[in-house]
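no FASTA, just this:
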């Protein structure tokens, strides 16, 4: 069940895993991070960028923060510089943690309505469902990044959700 404790746990997991993957990616060259590795968003850098774009898009819908200035199709080139990307990723993870700390059970029972660009219309879904989707989207793409990093010889930390409280 999606409740405030789940939201906070997943926010901590998100931040922990992003730090792990960025640390592993730091050991690669910029060219290695940008190499097309056959993933949906091509490279490690492109997939990281898409994930950041997605998180900023969801934060804008959930909190009213600014929407990303690029569309989903341009998400792979969102933040070009690796250092700037890492700084922005940490800022967004802090924003997700702060948002998660403020989530209340009553709010989760409501409906989120937003304009869904790919569908070309407004849609609404239960907030708890949307939150589960957001965290699932993060986990999905981090799994892709983890696989690409491992194939490149980097060593990210374990990804087991059960370890989140021990790792942070």
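Good, I have the coordinates. The model shown is predicted, which means the values in this text are computed figures rather than measured ones.

once you drop chain neighbours, what's closest to residue 13?
residue 164 (4.5 Å; CB to CB, 6 or more residues apart in numbering). No exception for glycine: its C-beta is placed from N, CA and C like everyone else's.

where does that neighbour land in three-state SS?
helix (DSSP: H, G, I helix; E, B strand; the rest coil).

show me the contacts for it.
9, 12-13, 16 (CB atoms under 8 Å, 6 or more residues apart in numbering).

need the pLDDT of it.
Note on residue 164: pLDDT of 82.

which other helices and strands contact the longest helix along the chain?
Longest among the helix segments of the chain by residue count, using DSSP state H, is helix 127-151. In terms of contacts (3 or more CB pairs under 8 Å, 6 or more residues apart in numbering; DSSP states H and E), helix 127-151 is packed against helix 4-26, helix 44-63, helix 105-108, strand 111-116.

just say which of these is most tucked in.
helix 44-63 (a mean of 22; mean count of other CB atoms under 10 Å).
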